[in-house]
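In: quick one: sequence plus predicted model below, questions after.
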Amino acid sequence: MRADETNPTERATTERGLERSLEADAREVEAEFAHPAPTRTPRLVTVVTAVVVAALGGGLITIQARVNGELALELGDGYTAALISFFVGLVVIAVTTAVSAKARRGIRMIPSAVRSGQLPWWMLLGGLAGALLVLSQGLAVAIIGVALFTVAVVAGQTIGSLVIDARGMGRVPPKPVTLTRVVGTIVVIGSVALSVSPQINASAPFLVLLLPLIAGCLTGWQQAVNGQVRTTVGSPVAATFVNFIGGTLLLGIVAIVHVSIAGLPASLPSNPLLYLGGVFGVIFITIAAITVPLVGVLLQGLAAVTGQLVAALVIEALFPAPGTTLQVVTVLGTLLTIVGLVISVIPKRKRVAPAAS
């Protein structure tokens with residue numbers, strides 16, 4: 001029998017097997033075209049982009065502080081100034097929510113998410129932490145100065161952020177507290193202290209320092225819960241709206257009590273730029289709600305602090321306050337803060353398993 005002569009049954013079996021193999025390959029190709037695998041942005045690129053955006057948002061907080069400070073000075077009332085800032089932000093984010101179908105859908109999802117336990121009710125209270133930070137500015141800065149206040153807030157924010165990242169929160173799993181993040185955090189805190197060292201008053205009362213320290217810790221918690229709301233309802237605008245509702249209500253109560261004791265301000269400032277502080281706050285909270293789920297509370301906080309210092313350095317260089325001069329240590333501290341942030345972004349190296357011999 002010749003080599004090309006085979007049993008008909010065997011040949012039929014071989015042909016059927018080949019047909020099934022070709023059909024399976026065709027189904028795989030068809031499925032690949034129908035549901036292509038998404039192109040994933042490299043993790044480092046995503047992190048770096050989110051960190052840069054968070055730093056830009058932090059820069060807006062410095063501008064907001066300058067605007068709110070001027071408003072408080074014009075009014076002669078820091079409590080009313082804080083309420084006006086939050087209320088303007090609430091109006092802006094309410095209008096944005098009204099014109100955004102995605103944001104409106106996110107707001108409608110909140111009650112059912114709370115009832116089902118998917119979103120714990122206390123995660124809707126992030127705005128209270130923001131209001132507490134604004135109040136602590138009015139209560140503590142006059143006693144301990146802006147420099148110590150900044151160091152206390154930054155220290156509290158980074159410590160709180162480290163704890164939240166290490167433990168996780170809600171549906172966000174814990175993020176590894178790597179050596180680079182710890183070193184970066186230490187560098188950032190030390191750099192902030194160096195930046196403001198010419199203005200530090202060593203005789204500040206400890207209990208007054210404790211207030212901004214607690215406010216800083218709660219700021220990290222605020223960004224974490226706002227990020228959770230955004231992740232649950234799929235809308236950073238909705239998360240920001242909820243944040244401003246809580247903060248405005250708290251500041252409204254405090255302002256009413258203060259006005260009942262001290263009375264209303266004599267008049268409102270005529271400069272419209274002084275009412276933009278709340279707009280900057282809206283942008284910052286929205287950015288934080290977007291970036292926290294991507295990079296975690298710690299990196300977002302470090303980036304925001306770095307952005308604040310860089311913006312403060314630029315403002316001081318271009319528009320110095322009367323009687324102040326730009327210090328060399330301030331420039332050096334700001335540059336070191338950027339170095340600390342870069343160190344924190346460095347990813348943890350993955351161990352490569354040895355090849356089998």
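Out: Sure thing, it's come through.
In: OK, contacts around G277?
Out: 64, 67-68, 71, 84-85, 88-89 (Cβ atoms under 8 Å, 6 or more residues apart in numbering). For the C-beta atoms, the positions are set from N, CA and C on the backbone; glycine is no exception.
In: and which of those residues is nearest I245?
Out: G89 (10.4 Å; Cβ to Cβ).
In: how many neighbours does the closest residue to that closest one other than its chain neighbours have?
Out: Among residues not flanking G89 along the chain, G278 sits closest, at 3.0 Å (Cβ to Cβ, 6 or more residues apart in numbering). A count of nearby residues for G278, using other Cβ atoms under 10 Å, gives 26.
In: list the helices and strands the helix or strand harbouring P111 packs on?
Out: Using DSSP states H and E, P111 maps to helix 101-115. Secondary-structure packing of helix 101-115 (3 or more Cβ pairs under 8 Å, 6 or more residues apart in numbering; DSSP states H and E): helix 78-99, helix 206-233, helix 236-262.
In: burial count for the residue nearest to L209 when sequence neighbours are not counted?
Out: Leaving aside its sequence neighbours, L209 sits nearest to A152 (Cβ to Cβ, 6+ apart; 5.2 Å). Applying other Cβ under 10 Å, we find 23 residues neighbouring A152.
In: for A152, which residues are in contact?
Out: Residues in contact with A152, defined by Cβ under 8 Å, 6+ apart, are 144, 209, 212-213, 216.
In: look up how far L125 lies from the residue nearest to G89.
Out: G278 sits 19 Å away from L125, going by Cβ to Cβ, to the nearest Å.
In: secondary structure element holding the residue nearest the centre of the chain?
Out: What sits nearest the mean C-alpha location of the chain, by Cα atoms, centre = their mean, is A288, with 2.7 Å. Assigned by DSSP H and E, A288 falls within helix 277-318.
In: can you give me the angle the next helix or strand after that helix makes with helix 277-318?
Out: Under the assignment DSSP H and E, the closest C-terminal helix or strand after helix 277-318 is helix 328-345. Angle of helix 328-345 versus helix 277-318, following axes from the mean of the first three to the mean of the last three Cα atoms, to 10 degrees, is 120 degrees.
In: give me the helices and strands touching helix 328-345, please.
Out: The helices and strands touching helix 328-345, judged by 3+ Cβ pairs under 8 Å, 6+ apart, are helix 43-75, helix 179-196, helix 277-318.
In: return the member of those having the minimum mean pLDDT.
Out: Note on these: helix 179-196 shows the lowest mean pLDDT, a mean of 78.
In: what's the spacing between the residue nearest to L209 and G160?
Out: 12 Å.
In: how far away is the residue nearest to L209 from V67?
Out: From A152 to V67 the distance is 22 Å (Cβ to Cβ).
In: give me the number of residues near R105?
Out: 13.
In: do the same with the one 4 residues further on
Out: Other residues within reach of M109, judged by other Cβ under 10 Å, total 18.
In: that one reaches R230, doesn't it?
Out: No: if you go by Cβ atoms under 8 Å, M109 and R230 don't touch, sitting 11.5 Å apart.
In: what angle sits between the helix holding A288 and helix 236-262?
Out: Following the same axes, to 10 degrees, one obtains 90 degrees for the angle between helix 277-318 and helix 236-262.
In: which residue packs closest to the residue nearest to the centre of the chain, ignoring adjacent ones?
Out: Nearest to A288 is Q223, by Cβ to Cβ, 6+ apart, at 4.7 Å.
In: so for that neighbour, what's the pLDDT?
Out: Looking at Q223, the pLDDT reads 85.
In: isn't it up against Q300?
Out: Yes: Q223 is in contact with Q300 according to Cβ under 8 Å; the separation is 5.9 Å.
In: which SS state does K175 fall under?
Out: Secondary structure, DSSP: H, G, I helix; E, B strand; the rest coil: K175 is coil.
In: can you count the residues close to it?
Out: 18.
In: please report how far it lies from A266.
Out: 50 Å.
In: equivalent analysis for G78, please.
Out: 15 Å.
In: who wins for neighbours among the contacts of G277?
Out: Going by other Cβ under 10 Å, G89 tops these with 29 neighbours.
In: quick one, grab the pLDDT at that residue.
Out: G89 is given a pLDDT of 92.
In: can you pull the contacts of it?
Out: So G89 contacts 244, 248, 277-279, 281-282 (Cβ under 8 Å, 6+ apart).
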